[in-house]
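**Student:** quick one, structure for this:
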Amino acid sequence: MSDDMYPAATVELAKKRHELTPEIESAFQAFSKQVFADGALSVKVKQLIAVAVAHVTQCPYCIKGHTRAALRHGASEQELMEAIWVAAEMRAGGAYAHSLLTLEEMNRSAARSKNA
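**Tutor:** Model prediction:
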C-alpha cells in the first residue's frame, strides 16, 4: 500500500478522529462490537463475511484488520481465500446480471430504428 494514498492507522490519527466527533465515534465502536459479537452467526463466520465484503469495497484497512480477526477466530487460509472468491464472483456476477439492461436497450433501439 502506498503511504501517500493509505496512511498508517496510528494511535494519533485514531485519537484525532475521536476528538473531532466523540459521540459518533463511540456509537460506531459500540455498533461494530455488537455486529461482530457471537449470535446466529459465529464470530468466525462474521469475520469471513467481512473479509469478503472488504475485498468488494476495496478497503485495505478492513482487509487487513478483518483477515487478522478471522485468523484469530479460527478461520483457515483456505476459508479466507474461498470467501474472497465468493466476493469476486458476486462482483463479477453483478456486471453479468446488469448486462440485461444493455441487451434490453439494444432491443428497444433496434425496434425504434425499425419503426422509424
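**Student:** buried set for the helix or strand encompassing Arg108?
**Tutor:** Assigning secondary structure by DSSP states H and E places Arg108 in helix 77-115. Within helix 77-115, the residues that qualify as buried are Glu79, Leu80, Ala83, Ile84, Ala87, counting by 16 or more other Cβ atoms under 10 Å. For every residue, glycine as well, the C-beta is placed using N, CA and C.
**Student:** got those as a markdown table, with pLDDT and distance to Ala40 columns?
**Tutor:** Putting the buried residues of helix 77-115 into a markdown table (pLDDT from 0 to 100; distance: Cβ to Cβ, whole Å) gives the following:
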| residue | pLDDT | distance to Ala40 |
| --- | --- | --- |
| Glu79 | 98 | 19 |
| Leu80 | 98 | 21 |
| Ala83 | 98 | 18 |
| Ile84 | 98 | 23 |
| Ala87 | 97 | 21 |
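**Student:** related to what we said a few turns ago, the helix holding Arg108 - contacts with which helices or strands?
**Tutor:** Under the contact criterion of 3 or more Cβ pairs under 8 Å, 6 or more residues apart in numbering; DSSP states H and E, the helices and strands touching helix 77-115 comprise helix 43-57, helix 60-72.
**Student:** from the buried residues of helix 77-115, which is closest to Ala30?
**Tutor:** When the buried residues of helix 77-115 are compared for distance to Ala30 (Cβ to Cβ), Ala83 comes out closest, at 25.9 Å.
**Student:** ok, for Ala52, nearest residue in space, not its chain neighbours?
**Tutor:** By the measure of Cβ to Cβ, 6 or more residues apart in numbering, the closest residue to Ala52 outside its immediate chain neighbours is Ala87, 3.8 Å from it.
**Student:** quick one, phi/psi of Glu19?
**Tutor:** Dihedral angles phi and psi of Glu19 (degrees, to the nearest 10) take the values phi -60, psi -40.
**Student:** please parse this structure into its domains.
**Tutor:** Per the record, the chain has its domains at 1-35, 40-115, by automatic domain parsing.
**Student:** those domains: lowest mean pLDDT?
**Tutor:** Of all the domains of the chain, the minimum mean pLDDT falls on domain 1-35 (a mean of 91).
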